[in-house]
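Visitor: Show me the folded form of this:
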Amino acid sequence: MVRNAESPPVADAPRPWQMLLLATTGFALCFWAWALLAPLGPRLRDDLGLSSFEQSLVVAVPVVVGALGRIPAGALTDRWGARRVFPLVAALTILPVLYLGHLADSLAEVLAGGFLLGLGGTAFAVGVPFVNAWYPPARRGVALGIFGIGTGGTALSAFTTVQLADSVGRAFPFDLVAGCLAVYAAVAWFLLRDRPGRATATGSMVSRTALAMRTPATWQLAFLYAVSFGGFVAFSVYLPTYLTRAYELGRSDAALRTAGFVVLAVAMRPVGGWLSDRIHPVPVLTVSYGLVSVCALVAAFETALVPVGTAAFLGMAAGLGAGSGAVFALVARLVPAERVGSVTGVVGAAGGLGGFFPPLVMGAVDSVAHDYTWGFVLLAATATAAGALAATAVRRRARATADV
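Guide: Numbering: from 1, shown residues only. Now for the predicted structure:
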């Protein structure tokens, strides 16, 4: 059931760009918190005496928790609105940030803190239905792509965490993020507004989530996003470890190069949304996954980092970023407005889970074979499968809805 079907915003309502800016800022801050452990992976390995697999587990735990948490977060947003849920997520994320910065000093404690830190990753499922409601269908692709710039919070973490920890103190990056989240939670509580007349779902959270899972397009979209955003998350959290082990780079150098990867992927997300508005998401997805597949095969040979290796990683960043933007342009076209939050929760969870397994696979492969080749080969095969799905079954579904 649906009540309060969408109607045009009233004259005195906040402007869409203002709400988009607020949502994107909150998303970036929550993702900054979510990604705090990844740049510190090499340091945690040295300080706690971790194996390669244990280090991978530390950086992957927040990813999987943030992924699964998107399912209830999206459903709650459909019902309560981002006006309530966004400040709540930001405020609650402060607790694990401070715990990791000041109290966690063993593997078990870091894993526990990382588990709770996953809450920051749920902000994505709050923001997508919020932005989707504020913009008309013809502009949703680029609007959601701009919102996706919030994934650049991982770049903030990559650029600053190691440098601040080295120059100021280990706890300082955590204190800084906690302070920013506290300010944002207060500002969002007073300024964030749901679109007047937005479509509001009724019924229990369980029933709405079950309905989203029965929506025919959900699982195809989930797989596509698991590859594009999952690949982005996987590299943003594991690339510092990979570069230090495969190319023997220093921790700061590896963190900065990872930040470059993240920045390009983030910048390509609105480009993917913009192209989807003007062409269609399906061809954008097909080309993006093809680029990822080719670049992953190049990376599998562990060529010299400059220039071939760098070009391969940047090519993957461009493909993964554009693909992530195109997936949610497609969500906005294929999913009814009152289900966008619930479907986003499922699709976003798939994206997060897509980022959980590659670091574990890469760590396990390195521990056993002392080589990363098969990890990149698996990525290339998966990206090829995603491109084939987009070009066939997803294209047919889009045509069936008279979307193309």
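Visitor: What average pLDDT does stretch 278-290 get?
Guide: Mean per-residue pLDDT for stretch 278-290: 95.
Visitor: So which residues make contact with it?
Guide: Identification of contacts with stretch 278-290 by CB atoms under 8 Å, 6 or more residues apart in numbering yields 141, 224, 227-228, 272, 275-276, 318-320, 322-323, 325-327, 329-330, 333, 383-384, 386-387, 390-391, 394-395, 398, 403-404. Quick note: C-beta positions are derived from backbone N, CA and C, even for glycine.
Visitor: If we use 6 Å, what do you get?
Guide: 272, 275-276, 319, 322-323, 326, 329-330, 383, 386-387, 390-391, 394-395, 398, 404 (CB atoms under 6 Å, 6 or more residues apart in numbering).
Visitor: so how far is it off the chain centroid?
Guide: 19 Å (CA atoms, centre = their mean, to the nearest Å).
Visitor: Which positions within that stretch qualify as buried?
Guide: 280-290 (16 or more other CB atoms under 10 Å).
Visitor: Could you turn the buried ones of the contacts of stretch 278-290 into a PyMOL selection?
Guide: In PyMOL, this line selects whichever of the contacts of stretch 278-290 come out buried by 16+ other CB under 10 Å:
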select buried, resi 272+275+276+319+322+323+326+329+330+383+386+387+390+391+394+395+398
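Visitor: just to revisit the earlier point, let's see which of the buried residues of stretch 278-290 end up in helices.
Guide: 281-290 (DSSP state H).
Visitor: Same question for stretch 230-249: list its buried residues.
Guide: Within stretch 230-249, judged by 16+ other CB under 10 Å, the buried ones are 230-246, 249.
Visitor: wait, what's in contact with the residue lying closest to V327 once chain neighbours are set aside?
Guide: Sequence neighbours aside, Y225 is the residue nearest to V327 in space, at 4.6 Å (criterion: CB to CB, 6 or more residues apart in numbering). By CB under 6 Å, 6+ apart, Y225 lies in contact with 327, 347, 350-351.
Visitor: Y225: helix or strand, and which one exactly?
Guide: Assigned by DSSP states H and E, Y225 belongs to helix 218-246.
Visitor: pLDDT on that helix, on average?
Guide: 86.
Visitor: for stretch 97-107, same thing?
Guide: Mean predicted confidence for stretch 97-107 is 92.
Visitor: mind listing what's buried in it?
Guide: Per 16+ other CB under 10 Å, stretch 97-107 contains these buried residues: 97-101, 104, 107.
Visitor: Now the phi/psi pair for V335, please.
Guide: phi -110, psi 130 (degrees, to the nearest 10).
Visitor: so what's it closest to, chain neighbours aside?
Guide: V343 (4.8 Å).
Visitor: can you check G348 too?
Guide: R70 (4.0 Å).
Visitor: and that neighbour, how many neighbours?
Guide: Around R70 there are 30 other residues, counting by other CB atoms under 10 Å.
Visitor: Now do the strands in the stretch 1-150 of the chain.
Guide: 2-3 (DSSP state E, counting those that start in this stretch).
Visitor: give me the low-pLDDT residue ranges for it?
Guide: By pLDDT under 70, the low-scoring segments of the stretch 1-150 of the chain are 1-13.
Visitor: which residues in it form helices?
Guide: Residue ranges of the helices in the stretch 1-150 of the chain, as given by DSSP state H, counting those that start in this stretch, are 16-34, 41-48, 52-80, 82-102, 107-117, 123-134, 137-147.
Visitor: Take the ones you listed and lay them out in CSV including distance to F261.
Guide: Putting those into CSV (distance: least, CB to CB, whole Å) gives the following:
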stretch, distance to F261
helix 16-34, 15
helix 41-48, 15
helix 52-80, 15
helix 82-102, 24
helix 107-117, 21
helix 123-134, 19
helix 137-147, 18
